[in-house]
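Peer 1: Here is a sequence with its predicted model. Questions after.
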Amino acid sequence: GEKATLQKLLEAVAVGSANDAAVAVAAALYGSADAAVVAMNARAAELGMSATRYVNVTGLPEGRRADENLSTARDQALLAREVVLGHPGVLEQTRLTWTRFRPGLVVPCTNVLLKDYEGLDGLKTGYHDRARSNIVATAQRSGRRLIVVVLGSPGPRQRNAAVTRLLDRGFAEWELITGLGRGRGFDGEFRVPGSWKGTVPVLAARGLRFALKPADRSRVRIVLGEGARLNAPIDEGQVVGEIQAWLGDRLLASVPALAGRAVARSWLRLPFGGAETPWPELSLDGGGQ
């Protein structure tokens with residue numbers, strides 16, 4: 001018969017891994033824990049967590065190996081990214097080292113790295129006998145935020161050491177690059193088929209940002225991705241494709257590509273075509289930064 005606010009229940013989950021609170025929240029929001037699991041799996045699919053399957057709201061084993069919660073480090077990193085970018089209020093709960101659930105009941109945090117690692121403010125620990133010791137951790141320093149996922153450690157000491165080592169490497173060995181600022185474009189313009197000798201500037205809808213080791217800067221190519229739609233007519237601000245940053249054959253980041261001005265269709269059909277010109281590209285040592 002005890003009643004608690006949603007805020008306190010969520011704090012109990014985030015801070016103390018309170019499985020009873022997780023069930024209470026699921027029932028309050030969705031009518032039942034089973035209905036919440038359906039919503040969890042649907043949201044995981046929307047986020048691209050293709051290797052994740054939830055069977056309960058606690059993460060605890062069900063006792064049947066064929067019917068257990070499953071996920072991967074990559075999927076958990078995708079979920080963590082959604083939390084820190086789309087729901088930053090969660091960090092106000094996950095950074096707490098304890099919470100007072102009610103008078104006489106203080107819930108301590110299961111994440112001791114909150115005290116031991118500078119800038120760490122979440123996200124969640126997890127343990128059961130088969131999964132072993134796990135954590136999704138995030139830390140921010142000098143405006144840079146990193147996410148680390150460690151699964152299957154023998155115990156919390158080894159898990160926390162791995163998190164510390166990975167975060168230290170991330171902050172020391174990688175830098176956050178803005179390959180192309182919002183509203184910036186390539187040095188040249190792109191030919192528009194179906195127009196009268198028309199070209200169009202292609203601009204980044206938002207900043208093209210990615211993490212990179214300094215030694216790899218010269219190898220990055222910034223291009224308009226394949227499949228871009230540049231046939232006339234084009235409206236100013238129309239999404240024509242993606243601007244992509246590549247390191248070799250690895251896609252680092254992409255943002256929507258916008259037409260910088262309108263280009264009208266030509267109603268005159270010419271019996272000959274001009275020479276095809278290569279699309280403009282950028283390097284990190286070139287213009288457009």
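Peer 2: Nice, thanks for sending it over.
Peer 1: For the helix or strand harbouring Thr99, which residues meet the burial criterion?
Peer 2: For Thr99, the host element (DSSP states H and E) is strand 98-102. Neighbour counts over strand 98-102 (16 or more other C-beta atoms under 10 Å) mark Thr99, Phe101 as buried. Backbone N, C-alpha and C define where each C-beta goes, glycine included.
Peer 1: Where does Gln244 sit: helix, strand or coil?
Peer 2: Assigned by DSSP: H, G, I helix; E, B strand; the rest coil, the conformation of Gln244 is strand.
Peer 1: ok now do it, which residues does it touch?
Peer 2: Counting by C-beta atoms under 8 Å, 6 or more residues apart in numbering, Gln244 touches Ile222, Val223, Leu224, Gly225, Leu251, Leu252, Ala253, Ser254.
Peer 1: Is the first one in contact with Trp279, as I believe?
Peer 2: When you say that, I think you mean Ile222. No - under the criterion of C-beta atoms under 8 Å, Ile222 makes no contact with Trp279, lying 11.2 Å away.
Peer 1: For those two, work out which one has more neighbours and name it.
Peer 2: Comparing Ile222 with Trp279 by other C-beta atoms under 10 Å, the one with more neighbours is Ile222, at 23 against 16.
Peer 1: bridging residues for that one?
Peer 2: With DSSP bridges as the criterion, Ile222 is bridged to Ala245, Leu282.
Peer 1: Same question for Leu251.
Peer 2: With DSSP bridges applied, Leu251 shows beta-bridge pairing to Trp246.
Peer 1: State the pLDDT value of it.
Peer 2: pLDDT recorded at Leu251 is 95.
Peer 1: Just the buried residues of stretch 119-130, please?
Peer 2: Neighbour counts over stretch 119-130 (16+ other C-beta under 10 Å) mark Leu120, Asp121, Gly122, Leu123, Lys124, Thr125, Gly126, Tyr127 as buried.
Peer 1: typo on my end, stretch 219-236
Peer 2: Residues of stretch 219-236 classed as buried by neighbour count (16+ other C-beta under 10 Å): Val220, Ile222, Val223, Leu224, Ala228, Leu230, Ala232, Ile234.
Peer 1: which of the residues you listed are the two that sit furthest away from each other?
Peer 2: Val220 and Ala232 (31.1 Å; C-beta to C-beta).
Peer 1: wait, Gly119 sits on Thr138?
Peer 2: No - counting by C-beta under 8 Å, Gly119 sits too far from Thr138 to count as a contact (9.1 Å).
Peer 1: what's around Pro103, how many residues?
Peer 2: With other C-beta under 10 Å as criterion, Pro103 counts 6.
Peer 1: Surely Gln140 is in a strand?
Peer 2: Yes - the assignment for Gln140 is a strand, going by three-state DSSP.
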